[in-house]
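Engineer: The following comprises the amino acid sequence and a computationally predicted model.
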Amino acid sequence: MTAEPSDQPRLTDSVGLGVLTSLVPRDLVDDVLGMTRKTEQRNRLLPARVVVYWVLALTLFYGDAYEEVMRKLVGGLRFLRSWRSDWTVPTTGAMARARARLGEEPMAELFSRVAQPIAGPGSPRAWYRGLRVMAIDGVVLDVPDTPSNAE
């Protein structure tokens with residue numbers, strides 16, 4: 001017997017989105033959208049602020065389809081009681097257009113304001129051969145097996 005999918009978000013999805021919204025507060029997103037002139041001129045099904053959080057959520061749930069990530073985002077917002085219950089998930093095409101409307105400028109500005117090293121110069125195991133150890137989750141790079149890449 002298989003379990004039926006639930007309309008309720010998994011707690012882990014809500015926690016992931018809760019962490020996301022605590023790291024990237026709404027006021028910061030609004031400030032970045034205003035600075036990059038990406039605030040909407042009319043009411044849309046996908047306001048720019050929601051698109052920013054959705055693009056960020058795409059990185060958390062990188063294996064899921066656009067619609068599923070939007071469901072998780074909205075489900076997490078409903079769990080936090082900050083979203084209308086009658087809202088429906090837009091089509092993939094509408095989400096792709098909203099992402100294109102947003103562009104890269106707000107995301108780059110948001111990154112420059114939020115991303116910073118956690119480990120300081122005296123932190124143990126944060127350095128290897130004089131270089132700070134860094135990690136980027138969800139990114140896999142395939143490069144040719146060449147002597148210069150090995151170096």
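Structural biologist: Received, thanks. Residues are numbered from 1 along each chain as shown.
Engineer: Phi first, then psi, for Phe111.
Structural biologist: The phi and psi torsions at Phe111 (degrees, to the nearest 10) take the values phi -60, psi -40.
Engineer: before we move on, what about Trp127?
Structural biologist: On the backbone of Trp127 - angles per degrees, to the nearest 10 - the values are phi -130, psi 140.
Engineer: Check which helices and strands the helix or strand hosting Leu33 sits against.
Structural biologist: For Leu33, the element it lies in under DSSP states H and E is helix 26-35. Packed against helix 26-35 by the contact rule (3 or more C-beta pairs under 8 Å, 6 or more residues apart in numbering; DSSP states H and E) you find helix 48-60, helix 105-114. (C-beta placed from N, C-alpha, C; glycine too.)
Engineer: partner strands of the following helix or strand past the shortest one, parallel or antiparallel?
Structural biologist: Moving toward the C-terminus from helix 105-114, the next helix or strand (DSSP H and E) is strand 127-128. Neighbouring strands of strand 127-128 in its sheet, by DSSP bridges, are strand 131-132 (antiparallel).
Engineer: where's the helix or strand following the partner strand relative to the chain centroid, distance-wise?
Structural biologist: Counting by DSSP H and E, the element after strand 131-132 in chain order, helix or strand, is helix 147-150. With C-alpha atoms, centre = their mean, to the nearest Å as the basis, the distance from the averaged C-alpha position of helix 147-150 to the chain average is 33 Å.
Engineer: Quick one: mean pLDDT over helix 147-150.
Structural biologist: Per-residue pLDDT values across helix 147-150 average out to 89.
Engineer: Report the backbone C-alpha coordinates of that helix in CSV.
Structural biologist: Output for helix 147-150, consisting of C-alpha atoms alone and laid out as CSV, is shown next (Å, rounded to 0.1, in the frame of the first residue of the first chain):
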residue,chain,number,x,y,z
PRO,A,147,47.3,18.5,-16.5
SER,A,148,46.4,22.2,-16.0
ASN,A,149,43.1,21.3,-14.2
ALA,A,150,45.0,18.7,-12.1
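Engineer: hmm, who's touching that helix?
Structural biologist: Contacts with helix 147-150, where a contact means C-beta atoms under 8 Å, 6 or more residues apart in numbering, come from Val143.
Engineer: about what we covered before: among the helices and strands packed on helix 26-35, which is nearest Thr91?
Structural biologist: helix 48-60 (13.7 Å; C-beta to C-beta).
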